[in-house]
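*Asks:* sequence below, structure please.
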Amino acid sequence: MTISIAHNLARHTRRFTIALALLTLALAQFGPLSSKSFAASDDDSELLKAAQEFSNSALAKQKNCITCHTIGENGGTVGPILNQISNRRTEEWLRKWFSDPNSLKPGTKMPNFGFSPAELDDLIKHLTKMKRTINSEEILAANSDPIVAGGELFKAYDCLGCHRIGDEGRFVGPNLTWVGMRKSQEWEATWLADPPAYKPGTFMPNFHLKPNEIEALTAFLHSQQGQANDKARKWESMTSFILDARPRERGRLVAERVACWSCHGEGLTGGIKNPNAKPDELVPNISSASLDLAEEVLRGIILNGKAAEKLDPAGAEPPFSCPSWKKALTDSELDDLLAYLESIVPESELWEFE
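*Replies:* Predicted coordinates:
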């Protein structure tokens, strides 16, 4: 038994050493856990100064904000990057959020710190300074190609602060690596014009974008057809090895990369509006898909896609259908995705008997 314990300890020690070495290599390849979209140019000197002041503040250190958030050029990856928080959130919203995060986003990982009135005032004072001046007309005038212009606006608005493309960005909003395949430019234009109007309660703020900004941003988003997919795969592979992920956990990473929840909702329990689609004009709940459908049927839907059925046969085509993910997934990734879908079946349904 002593030999067995020693053997297991040595095996786990070697694995930890290898994982640590690979993590070091990953950081060398992908850079520190920071905001790649944040460039400390001369124009951003005040923004960087404000971010550093907040990061060094007694309150930020006491609450360990940098553990979950990137502030300035360093920090964690759990929550959104905070460098331009005041470009996307009003003071009123920030006060509500820090007073009770769960009231604005049920189930959020953000804890309620119970800030005192003085602490809350101090926090808001710091965060409202963290704002970039965005000259969109200058960006648009300097870039005649709408895709390039949209990419520059995407950086200027710090969209990677919440979204992810390839191995860059955060996981707060849907992954945009394949957004051009699953969403049309027309829908993106409607969405960006006023997200809460389309989906009440969404965490996505209204940036009050001008029509020419929306046109450029939708061109850029539609151009994202998986070019960064290999980068995402490398990141997922590294993460899976270090965390010793099981198939269902690897499948969860795949589901995040293709952003199943951007249509089907968080937990895949029901999603966004899909006008004239059966049965209730919403993208359906698929949390029980692996229980409701044979594996080969579900595999076929993922690989080949499935059109939404019309509620009114004489009406317009529903804007959302399941696209074919054949070119996005390897056989092993599809197996992992199916394992993830099997793992999220509500327990109450597993114990139903007819």
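*Asks:* what are the ranges of the helices in the stretch 201-350 of the chain?
*Replies:* 211-222, 229-243, 247-257, 261-264, 289-292, 295-304, 331-343, 347-350 (DSSP state H, counting those that start in this stretch).
*Asks:* tell me where the chain has strands.
*Replies:* 70-71, 74-75, 164-165, 168-169 (DSSP state E).
*Asks:* returning to what we had before: which among the helices of the stretch 201-350 of the chain is found nearest to residue 186?
*Replies:* Evaluated over those, closeness to residue 186 peaks at helix 211-222, with 8.2 Å, by Cβ to Cβ. For glycine as for every other residue, the C-beta is placed from the backbone atoms N, C-alpha and C.
*Asks:* which secondary structure elements does that closest one contact?
*Replies:* Helix 211-222 makes packing contacts with helix 136-142, helix 146-156, helix 179-182, helix 185-193 when contacts are defined by 3 or more Cβ pairs under 8 Å, 6 or more residues apart in numbering; DSSP states H and E.
*Asks:* which phi and psi values does residue 316 adopt?
*Replies:* phi -70, psi 160 (degrees, to the nearest 10).
*Asks:* next, the contact list for it, please.
*Replies:* If a contact means Cβ atoms under 8 Å, 6 or more residues apart in numbering, then residue 316 has 275-276 as its contacts.
*Asks:* list the contacts of the closest residue to residue 220 other than its chain neighbours.
*Replies:* Distance criterion Cβ to Cβ, 6 or more residues apart in numbering; nearest residue to residue 220, sequence neighbours excluded, is residue 150 at 2.8 Å. The contact partners of residue 150, taken as Cβ under 8 Å, 6+ apart, are 216-221, 223.
*Asks:* out of the helices of the stretch 201-350 of the chain, nearest to residue 102?
*Replies:* Smallest distance to residue 102 across the helices of the stretch 201-350 of the chain (Cβ to Cβ): 18.8 Å, for helix 261-264.
*Asks:* could you list the residues in contact with the closest one?
*Replies:* By Cβ under 8 Å, 6+ apart, the surrounding residues in contact with helix 261-264 are 174-175, 179, 182-183, 255, 267-268, 270-272, 283-286, 320.
*Asks:* what is the burial count for residue 248?
*Replies:* 16 (other Cβ atoms under 10 Å).
*Asks:* residue 287 versus the nearest residue to it once chain neighbours are set aside, what's the distance?
*Replies:* In space, and not counting its chain neighbours, residue 248 is closest to residue 343: 4.0 Å by Cβ to Cβ, 6+ apart. As judged by Cβ to Cβ, to the nearest Å, residue 343 and residue 287 stand 10 Å apart.
*Asks:* likewise for residue 52?
*Replies:* Taken as Cβ to Cβ, the span from residue 52 to residue 287 is 43 Å.
*Asks:* deepest-packed of the strands of the chain, please.
*Replies:* strand 70-71 (a mean of 26; mean count of other Cβ atoms under 10 Å).
*Asks:* what does the average pLDDT come to for that one?
*Replies:* For strand 70-71, the mean pLDDT works out to 94.
*Asks:* stretch 339-348 now?
*Replies:* For stretch 339-348, the mean per-residue pLDDT is 92.
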